[in-house]
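# Just a sequence and a predicted model for now, questions to come.
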Amino acid sequence: MSLRFSVLASGSTGNAIYVEADDKKLLVDVGLSGKKMDELFTEIGRNPKELDGILVSHEHSDHIKGVGVFARKHKLPIFANEKTWLAMENNLGTIPTDQKFIFATEEVKSFGGLDVESFGVSHDAAEPMFYCFHHAGKKLVLATDMGYVSERIKGTIKGADMYIFESNHDLNMLRMGRYPWNVKRRILSDVGHVSNEDAALALSDVISDNTSRIYLAHLSLDNNMKDLARLTVEQVLKEQDMPVGEQFELFDTDPLKPTPLTSV
């Protein structure tokens, strides 16, 4: 089986990404209720009981809301780094010891023929990290919840076949919006979220001849719109002489509807 994935849900209300290769099936984050997660798995034709584990990126509620319930219901192992475990453990309920595993930052774990590489990001959590998935020469990158994209991160994620990449907010919508200033300042900070413009500039540094698809993820419900994010990212990439619409395409993600299962 090829490397395949579905962005089950993405946005400020909840995040979950499904990845499979060969006979291994993984879920990154469970930011929705257990009931909603079961519905999303039905939509993509997969059984959550067949999962080999849940990978947790960080402890914010839009990423772990359903982790405890979902893991207990389907008897799934949970993987997170030590600081994330300490930060989230009280919010998960009781997790049996044999379902708790450490996945350190900047580590590679192998699940059969699927290699998962973790990398740290700049975000206001205990020790946030995201993942590159490697299988049979293909590379899928999941990178959201970043205040900025460092050169170190660019080096790790460069040259992927497909990206699920944060495009959180439009700067003007955020600045003119209803959020109090302290929240706006947090989003705009180096431990906040990447704007549409900054997402495009970062992508222009990491896209290679292999890249065929980019999924714009973790859009703010209040400070962004799908069309605006896509148009902004496309415009900036074209200004950087990137072959958007020719070599690679941009795709939307949704907070409630999964993307079709896609082969990398």
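Great, that's in hand. Numbers count the residues shown, from 1 in each chain.
# Phi first, then psi, for D222.
With angles defined as degrees, to the nearest 10, D222 sits at phi -90, psi -30.
# That one: how many residues sit nearby?
12 (other CB atoms under 10 Å). All C-beta spots, glycine's among them, are computed from the backbone N, C-alpha and C.
# Contact partners for the spatially closest residue to it that is not a sequence neighbour?
In space, D222 comes closest to G177 once its chain neighbours are excluded; the distance is 5.9 Å by CB to CB, 6 or more residues apart in numbering. Neighbouring residues of G177 by CB atoms under 8 Å, 6 or more residues apart in numbering: K184, D222, N223.
# What are the contacting residues of the helix or strand harbouring K73?
Using DSSP states H and E, K73 maps to helix 67-74. Applying CB under 8 Å, 6+ apart, the external contacts of helix 67-74 come out as 29-30, 33-34, 37, 48-49, 51, 54, 56, 76-78, 88, 91-93, 95, 99.
# Can you go through those and name the buried ones?
Those of these that meet the buried threshold are 29-30, 34, 37, 48, 51, 54, 56, 76-78, 88, 92, 95, by 16 or more other CB atoms under 10 Å.
# who's in contact with the longest helix along the chain?
Using DSSP state H, we find that the single longest helix of the chain is helix 226-239. With contact meaning CB under 8 Å, 6+ apart, helix 226-239 is reached by 167, 170, 173, 196-197, 199-201, 203-204, 214, 216, 219, 244-245, 250, 252.
# Stretch 246-254 too?
7, 9-11, 164, 207, 209, 211-219, 226, 229-230, 233-234, 244, 259.
# how about L221, secondary structure?
Under the three-state scheme (DSSP: H, G, I helix; E, B strand; the rest coil), L221 adopts coil.
# Count the neighbours of it for me.
By other CB under 10 Å, the residues close to L221 number 10.
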